[in-house]
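**Q** How does the following fold in three dimensions:
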Amino acid sequence: MKIGRVTFGKDDFGYGMAYILWKNGIESKRAGIKTAREFDVLLFSIFWWAHVYKFYAFCHKAKVGGKRETPHIIVGGFNAFNPNVFFPFAHQVVVGDGEDVIMAALKKEYHSSIYTGREKEVIYADSDIKTNNYVYDHTDISRIEIARGCKYKCPYCQLTHLKPYREVNLESVIDALNNVKTKRVGLFAPNGMTHKDYDKIIDHCISLSLTNIASDVRYNEIDRYRNSNTAKVGIEGVSYRLRKAVSKPITNEKFLKLLINRANTCRKLGYAPSIETYFILDLPTEDESDWKEFQDLLDMVDKTKELNDLTWIMTANVFMPGPHTPFENEVIHLDRDYKSIWREAITDFKRDKPYNFTIGGRHSVFSPYSRLLSMIATRGGKEAGEIIYNITANENLKRALLGKWRKSLRVLSKFLDHYEGMEKYTEAPREKPWKIVKIKNNVSTEKY
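**A** Presented below is the predicted three-dimensional model:
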């Protein structure tokens with residue numbers, strides 16, 4: 001059996017596919033549009049919503065999938081939480097962790113975590129990772145998984161509601177570290193500091209002269225952060241009220257203390273003070289008062305002399321009501337241009353003088369047009385396949401969608417009038433196609 005593999009985006013996104021193949025002893029070759037039809041099976045890893053569109057474009061250009069039974073198309077990856085959106089091109093969708101499911105998919109056998117478009121429900125797969133000692137080498141960085149899932153239950157986060165928290169045991173992590181051949185390693189997990197043996201893992205990492213590049217840390221565990229690169233912290237809401245609503249109840253005053261403590265730690269280690277924070281814009285109930293409080297926070301930091309040398313990198317993402325989360329019924333607002341709102345909020349051109357601290361980072365934010373695309377690829381039902389196919393393959397529609405986002409949004413909105421309108425994806429959903437996927441402890445007893 002000739003097996004081809006396809007991943008989209010950064011090399012980091014290839015870990016899951018590589019680990020699954022390694023664990024099961026499966027040989028494969030990277031497939032491209034020109035070589036796709038040479039394989040018996042094509043494995044696709046779909047990490048996020050934009051990759052759904054890349055998947056359709058690939059299948060269309062390569063002339064594979066759907067009624068063409070060879071190569072056999074198997075889709076997996078994080079974005080498989082709503083498998084409906086991969087049909088008609090996919091033949092099977094592996095839902096959840098794939099390491100214990102992939103062999104059944106290759107043999108075209110029944111499995112409770114494989115969706116073929118006919119099942120009434122499919123169970124999200126959870127795998128035991130205690131003894132995972134796999135090292136994923138790409139470029140000059142090695143990646144080692146130390147935990148999967150998250151102990152915290154933030155209501156906007158799909159990961160924590162899809163995947164139960166599990167840790168790789170210390171012995172297996174040590175074994176993996178001993179086999180690293182690069183100078184840099186990413187000890188990755190949604191929040192590495194949560195691991196009960198985190199300090200021992202870092203101690204061993206240091207003893208091997210390895211630099212850990214993993215930089216994500218929850219705000220309440222930042223004191224355990226021991227990496228040399230800039231810490232990345234999810235603050236989420238632009239006000240305390242919004243942060244509290246998403247299980248991150250840190251006030252402006254407490255956040256200011258966090259910045260001061262982090263800056264002092266950086267100086268003790270011989271680094272210039274820096275931090276990167278993530279914000280989510282358009283969280284439910286957000287209003288002008290929240291943005292006023294955000295400005296108050298910036299002013300507080302500006303007036304704090306201990307932070308005059310701080311580089312504060314700010315990254316903003318727009319809210320996506322993720323399926324399988326407590327926020328899955330929330331709406332999004334396509335009448336708000338958050339790119340402009342965010343740029344105006346963090347720039348100081350209206351001030352008498354620039355901020356004393358330095359603001360850095362990515363100032364671009366997804367447009368309302370991109371938000372609508374994301375909702376189709378995550379909330380869509382059986383109709384999504386036809387919509388996504390037209391967006392990626394219909395040359396007339398593709399040309400009409402080119403240009404500035406306002407024009408693209410108008411064109412796509414008009415096109416969606418043929419499918420109950422764009423409100424089907426932006427308002428509270430009347431139907432929830434993703435509910436065919438049953439998460440752990442929420443599985444029905446219906447027989448297949």
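
**Q** Quick check: buried residues in stretch 334-347?
**A** For stretch 334-347, the neighbour count (16 or more other Cβ atoms under 10 Å) marks 334, 338, 339, 342, 345, 346 as buried. The way it works is simple: take the backbone N, C-alpha and C, and place the C-beta from them, glycine included.

**Q** Filter the residues you listed down to just the ones in helices.
**A** 338, 339, 342, 345, 346 (DSSP state H).

**Q** Tabulate those residues (JSON lines), appending pLDDT.
**A** Putting those into JSON lines (pLDDT from 0 to 100) gives the following:
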{"residue": "338", "pLDDT": "96"}
{"residue": "339", "pLDDT": "94"}
{"residue": "342", "pLDDT": "95"}
{"residue": "345", "pLDDT": "93"}
{"residue": "346", "pLDDT": "92"}
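
**Q** ok so, going back, from the buried residues of stretch 334-347, which single one is nearest residue 258?
**A** Nearest to residue 258 among those: residue 346, at 18.4 Å, using Cβ to Cβ.

**Q** how near is that closest one to residue 282?
**A** Distance, residue 346 to residue 282, by Cβ to Cβ, to the nearest Å: 16 Å.

**Q** next one: residue 115
**A** 31 Å.

**Q** Look at those two and report which has more neighbours.
**A** Applying other Cβ atoms under 10 Å to residue 115 and residue 282 shows that residue 115 carries more neighbours, namely 25 against 21.

**Q** list the buried ones in stretch 249-261?
**A** By 16+ other Cβ under 10 Å, the buried positions in stretch 249-261 come out as 250, 252, 255, 256, 258, 259, 260.

**Q** Contact partners for the closest residue to the fourth one other than its chain neighbours?
**A** In this structure, residue 256 finds its nearest non-sequential neighbour in residue 300, 5.4 Å apart by Cβ to Cβ, 6 or more residues apart in numbering. If you count contacts by Cβ atoms under 8 Å, 6 or more residues apart in numbering, residue 300 has them with 252, 253, 256.

**Q** tell me the mean pLDDT for the host helix or strand of residue 300?
**A** Assigned by DSSP states H and E, residue 300 belongs to helix 288-302. The pLDDT scores in helix 288-302 average 97.

**Q** repeat for stretch 226-237
**A** pLDDT averaged over stretch 226-237 gives 92.

**Q** what's the span of it from first residue to last?
**A** 26 Å (Cα to Cα, to the nearest Å).

**Q** residues in contact with that stretch?
**A** 154, 156, 199, 202, 211-219, 222, 225, 242-246, 248, 250, 255, 258, 262, 269, 271, 274-280, 283, 286, 290, 311, 313.

**Q** change it to 6 Å
**A** The contact list for stretch 226-237 (Cβ atoms under 6 Å, 6 or more residues apart in numbering) reads 202, 212-213, 215-217, 219, 225, 243, 246, 248, 274-278, 280, 283.

**Q** what do you get for stretch 40-50?
**A** Contacts made with stretch 40-50 from outside it, assessed by Cβ under 6 Å, 6+ apart, are listed as 1-7, 13, 16-17, 31, 55, 71-75, 77-79, 374, 377-378.

**Q** try 8 Å
**A** By Cβ under 8 Å, 6+ apart, stretch 40-50 touches 1-9, 13-14, 16-17, 28, 31, 36, 52, 55, 58, 64, 70-80, 86, 90, 102, 106, 320, 373-374, 377-378.

**Q** Pull out the buried positions in it.
**A** Those would be 41, 42, 43, 44, 45, 46, 47, 48, 49, 50, for stretch 40-50 by 16+ other Cβ under 10 Å.

**Q** Also stretch 407-424?
**A** Result for stretch 407-424 [16+ other Cβ under 10 Å]: buried residues 408, 409, 411, 412, 413, 415, 416, 419, 422, 424.

**Q** List the ones among those that fall in strands.
**A** Using DSSP state E, no member of those falls within strands.

**Q** Just the ones in helices from those, please.
**A** Per DSSP H, the subset of these in helices is 408, 409, 411, 412, 413, 415, 416, 424.

**Q** quick one: what helix or strand has residue 396 in it?
**A** Here residue 396 is covered by helix 395-401, with elements defined by DSSP H and E.

**Q** Report the spatially nearest residue to residue 361, omitting neighbours in sequence.
**A** Setting aside the residues directly before and after it, residue 361 is nearest to residue 313 in space (Cβ to Cβ, 6+ apart), at 3.8 Å.

**Q** So what pairs up with the closest residue in space to residue 128 that isn't next to it in sequence in the strands?
**A** In this structure, residue 128 finds its nearest non-sequential neighbour in residue 166, 7.2 Å apart by Cβ to Cβ, 6+ apart. Note on residue 166: beta-bridge partners residue 148, judged by DSSP bridges.

**Q** number of nearby residues for residue 166?
**A** Residue 166 has 17 neighbours, counted by other Cβ under 10 Å.

**Q** what sits against it?
**A** Residues counted as contacts of residue 166 (Cβ under 8 Å, 6+ apart) are 126, 128, 129, 130, 147, 148, 149.

**Q** can I assume the fourth one sits in a strand?
**A** No: with DSSP: H, G, I helix; E, B strand; the rest coil as the criterion, residue 130 is coil rather than part of a strand.

**Q** thinking again about what came up before, so the residue nearest to residue 128 versus residue 126, what's the distance?
**A** Taken as Cβ to Cβ, the span from residue 166 to residue 126 is 8 Å.

**Q** my guess is residue 144 meets residue 134, correct?
**A** Yes: Residue 144 lies in contact with residue 134 (Cβ atoms under 8 Å); the separation is 7.5 Å.

**Q** Spit out the residues that contact the two alike.
**A** Shared contacts of residue 144 and residue 134, defined by Cβ under 8 Å, 6+ apart, are found at residue 176.

**Q** And the two? Which one has more around it.
**A** Each of residue 144 and residue 134 has its neighbours counted (other Cβ under 10 Å); residue 144 has more, 28 against 21.

**Q** how about that one, what does it touch?
**A** 134, 135, 136, 173, 176, 177, 180, 185, 186, 187, 188.

**Q** avg pLDDT for the helix or strand harbouring the fifth one?
**A** To tie it back to what came earlier, the one meant is residue 176. In the assignment (DSSP H and E), residue 176 maps to helix 170-178. Helix 170-178 shows a mean pLDDT of 98.

**Q** Only alpha carbons, please: show that helix as PDB.
**A** Output of helix 170-178 as PDB, limited to C-alpha atoms (Å, rounded to 0.1, in the frame of the first residue of the first chain):
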ATOM      1  CA  LEU A 170       8.800  11.900  33.600                       C
ATOM      2  CA  GLU A 171      10.800   8.800  32.500                       C
ATOM      3  CA  SER A 172       9.500   9.000  29.000                       C
ATOM      4  CA  VAL A 173      10.200  12.700  28.700                       C
ATOM      5  CA  ILE A 174      13.700  12.200  30.000                       C
ATOM      6  CA  ASP A 175      14.200   9.400  27.500                       C
ATOM      7  CA  ALA A 176      13.000  11.700  24.700                       C
ATOM      8  CA  LEU A 177      15.300  14.500  25.800                       C
ATOM      9  CA  ASN A 178      18.300  12.200  25.800                       C
END
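
**Q** All set now, cheers.
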